[in-house]
Structure formats: C-alpha cells, structure tokens
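Colleague: only geometry, no sequence info:
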C-alpha cells in the first residue's frame, strides 16, 4: 500500500475519464534516474533489457517495426506531431507480445539446460540445432491468455521445442484460440474471466509439474514475468533509436495487467531520465484495474465479466511487479469506452492526407481512441496537458490478431488496407 494518497481529481467526458496520478512523488523526486526512487523499478534494469535485446535481435525473422509519422492526424488533432509504433508486423504474430512470452520460454529452456550442463548458457542457435532436445522436450509451459500472450508462448514453445498448454477464458474469440493452436499448443477453454483462467493455469502447473509463463506476477511467482517484461523492452529500445535524441512530450500506453506499460515506462525512465515523456496509461472503462488501484492507493481487483471489445486489456488485476513501477511512474491514467477503440481502427485504415493506411486491432488503437475522445472534451484535453506544441507517441500494440473481427469492424481485410498503403 502507498503511505499517502493525494486528493484525487478526475476529469470526465462522454466515454472517457482522466485522473492525475495521486500516488506520484514530486517530479524532481520521481523522474530523476539517479535518485533513490529508481529503486522502485529495480525489478527491471539495464542488464535485463540488454540481455533480452541481445537474444531477441538474433532470432530468425527479427526486424524492428515501423514508427509512423502521422502528419495528417497530427494536424487534425492540432498537435505538433503524432507517432504510431506499428507492431502489426512483429515476427508472424502481429503483436508486441511476441517479444515477451517467447523470450521467457527461451530463458526457461536456457536455465534448464544450464542446470543440466554445469552452468552452460546456450544461445538460441544452439537450442534450435536440436542438440538439447532430450532436455527441452521434457519441459511443458502453460499460461492463461486473452489471445496474444498465449500465441507468443505457443510460438516460443514450438520454435524452441517444448510442450505447451494454453488456457483461454470464455470471452476469447474462436479466431484467437485457433491462432494459438496453430502453433502446436493444446488450447483449453474455461468458464469465467481472464483472472479466473490465470488462477486455474497456476493450479494446473503446480499439480502437473509444468511451468507458468505469464506476464502477471503473484506471490511466489516473479522472475518469469520480469523476463517477459524485459522482452517487451526490445520494442521500446527500438523507439529510442527511432526518435534519436528528441523524446516525445507525451506517450500513451495501454494497460491490461500493466506489464507492457511498466516495461515502456522503465525503458524510457532509464534512458531519458528527467526528459522522459509525460506517461499516460489508458484502460477500457469496464476493466480499469490500474485506475481503481491508483484511486484507492492500493492494488484493487475489478470483479465481473470485464466485458470489453479491447480483448487484450480485459484484465481485472494489476500485476504486483508492474504496480511497483507504475504506482510512481505514470502521470495520468485514463479509461476509455469501447466505441472509441473501434472508431480509431476505422480511422487508421482509411487515412486522410498523406498518412499511411494502418492495420490495428482493438487493443492497438486505444492511444488514438483516447486522443479522439479527449478532443471532444476540452477539459479532458487540458487535463492531459495537450497543446499545439505536443509531440505524442501512441503504441499500436497489435494488428489484425483476429482477422474476422477486424473485417467486421473496419469493413476491409488487412490485405486490402495494406494494398492501399502500398499504392
């Protein structure tokens, strides 16, 4: 629990709410990377991000994803600039999640081999060669998922040669479940919501001798989520190179359990220090566990079905490791109605001016959705500190991870949108 919670000021509009972080320490204390408050993010560190970058950038098919400069949308929103990090081309998984779950699977395999071979830490190429298959084939990894994380774990298991069992909850689309099974995983559907599936996966792993590979931590389970979050950091490291020396003034990052947001926050904090952007976290209004935790000053679970079209964000509990970082790391937290995410999907697919056409799924458009909602309510726009000089970065965390849903929402297939981009 945080010792002191400042008075909470919440600004609302139609389908949007914004709250300044009531937990954050004064700026001079919270944002200086040399200050002792950096100990709040000791779970994530330069060495861990370096190790993940060193491994993942050697994987077959690795390429940095694009950072689009959306000049037309920036003019429309009256911003100095608007950049969109496009994860729709990340490996074959169409999501930043490919960087986290698969990396944690590799780290587990690497550590298992090291225990069997006198501390020898193998490279991805050595594992892929099949030399250690007798050891690797005895490993079973498992997790609960809203779709994209389970796909990454399954892909990592298939790539490096271990067994995989993935649990999906009732609201996960059949398209996403089939995409996970396509990587050779056994997919089991459960009643209840995401957090129910998380608890079931942990119980099964304990009973069966499997290993949970999750991006959410809980009591006695911390190291693997940290590996996942370090893996996510590869995306943020790419952004550092793409922005070179001038950071954006604002970054908007979506949150489910908070692992992705915490990873981005940590990378930017460690690199830019006091120059880091104003950090805005956005959640679905029906699954706003970070918002409620910050408002109440302690980790707070959201109960119920968590019914939102932003499927990858339908989480009711913040990961404690992510909370350690975000409690003092974000500047503003926002909640967003579903229709803004859907509207933003259509807007990116049919751009104005010279902007590229972009394929973005329901969770990939939350940053733009928040900007569109805020633009309709001046008080919300002002609460986020947005002005004509603002340089905003938003995270396109996924492409059409369920092609059927994407086509139904946008009225076009991803192929049709990409063809428009290339013309």
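Modeller: It's in. Values in this document were obtained by computation on a predicted structure and should not be read as measured data.

Colleague: from here on, just use CA atoms for contacts and neighbour counts.
Modeller: Will do.

Colleague: tally of neighbours for residue 121?
Modeller: The local packing of residue 121 (other Cα atoms under 10 Å) involves 16 other residues.

Colleague: and the residue lying closest to residue 43 once chain neighbours are set aside, what element?
Modeller: Setting aside the residues directly before and after it, residue 43 is nearest to residue 226 in space (Cα to Cα, 6 or more residues apart in numbering), at 6.7 Å. With elements delineated by DSSP states H and E, residue 226 resides in helix 223-243, which encompasses its position.

Colleague: contacts for that helix next, please.
Modeller: Helix 223-243 has contacts (Cα atoms under 8 Å, 6 or more residues apart in numbering) with 43-44, 48-49, 52-53, 56, 64-65, 67, 85, 96-97, 99-101, 103-104, 107, 213-217, 247, 259-260, 262-264, 267-268, 321.

Colleague: and stretch 97-117, by the same measure?
Modeller: Residues lying outside stretch 97-117 but in contact with it, judged by Cα under 8 Å, 6+ apart, are 52, 56, 90-91, 119-124, 132, 135-136, 139, 141, 148-157, 160, 213-215, 224-225, 227-232, 234-235.

Colleague: give me the buried positions along it.
Modeller: The neighbour-count criterion (16 or more other Cα atoms under 10 Å) identifies 97-113 as the buried residues of stretch 97-117.

Colleague: I'd like to know how many residues surround residue 318.
Modeller: Applying other Cα under 10 Å, we find 27 other residues in the vicinity of residue 318.

Colleague: low-scoring stretches of this structure, by residue?
Modeller: For the chain, the stretches flagged by pLDDT under 70 are 1-7, 25-42, 421-423.

Colleague: quick check, central residue of it?
Modeller: Nearest to the mean C-alpha position of the chain, counting by Cα atoms, centre = their mean, stands residue 260 at 3.4 Å.

Colleague: check which residues of the helix or strand hosting that residue are buried.
Modeller: For residue 260, the enclosing helix or strand under DSSP H and E is helix 259-272. Using 16+ other Cα under 10 Å as the test for burial, helix 259-272 gives 259-270, 272.

Colleague: sheet-wise, list the partners of the following helix or strand past it with their directions.
Modeller: The C-terminal neighbour of helix 259-272 among helices and strands, as given by DSSP H and E, is strand 278-284. Strand 278-284 has the following sheet partners, assigned by DSSP bridges: strand 250-254 (parallel), strand 332-336 (parallel).

Colleague: skip ahead from strand 278-284 and say which helix or strand is next.
Modeller: Going down the chain from strand 278-284, the next helix or strand is helix 289-296, by DSSP H and E.

Colleague: please enumerate residues in contact with that following helix?
Modeller: For helix 289-296, the surrounding residues in contact (Cα under 8 Å, 6+ apart) are 5, 8, 19, 21-23, 255, 257-258, 283, 299-302, 315-318, 327, 333-335.

Colleague: tell me the buried residues within those.
Modeller: Those of these that meet the buried threshold are 5, 19, 21-23, 255, 257-258, 283, 299-302, 315-318, 327, 333-335, by 16+ other Cα under 10 Å.

Colleague: out of the strands paired with strand 278-284, which comes closest to residue 79?
Modeller: Comparing these by their distance to residue 79 (Cα to Cα), the top pick is strand 250-254, with 10.9 Å.

Colleague: would you mark the buried spots in stretch 63-72?
Modeller: Counting neighbours by 16+ other Cα under 10 Å, stretch 63-72 gives 64-72 as buried.

Colleague: and the strands in this protein?
Modeller: The residue ranges that make up the strands of the chain, judged by DSSP state E, are 10-13, 16-20, 67-69, 81-86, 140-145, 163-168, 186-189, 211-212, 250-254, 278-284, 332-336, 391-396.

Colleague: OK, contacts around residue 61?
Modeller: Counting by Cα under 8 Å, 6+ apart, residue 61 touches residue 91.

Colleague: surely residue 197 meets residue 190?
Modeller: Yes: using Cα atoms under 8 Å, residue 197 makes contact with residue 190 at a distance of 6.7 Å.

Colleague: shared neighbours of these two, which are they?
Modeller: Residues within reach of residue 197 and of residue 190 at once, by Cα under 8 Å, 6+ apart, are 167-169.

Colleague: top of the residues you listed by neighbour count?
Modeller: Tallying neighbours with other Cα under 10 Å puts residue 168 at the head of the shared contacts of residue 197 and residue 190, with 29 neighbours.

Colleague: for the residue nearest to it when sequence neighbours are not counted, what are its contacts?
Modeller: Leaving aside its chain neighbours, residue 168 sits nearest to residue 189 (4.8 Å; criterion: Cα to Cα, 6+ apart). Counting by Cα under 8 Å, 6+ apart, residue 189 touches 167-170.

Colleague: redo that, cut-off 10 Å
Modeller: The contact partners of residue 189, by Cα atoms under 10 Å, 6 or more residues apart in numbering, come to 144, 166-172, 174, 177, 197.

Colleague: in contact with the closest residue in space to residue 216 that isn't next to it in sequence, which residues?
Modeller: In this structure, residue 216 finds its nearest non-sequential neighbour in residue 319, 4.7 Å apart by Cα to Cα, 6+ apart. Taking Cα under 10 Å, 6+ apart, we find residue 319 in contact with 215-218, 222, 225, 256-259, 262, 290, 299.
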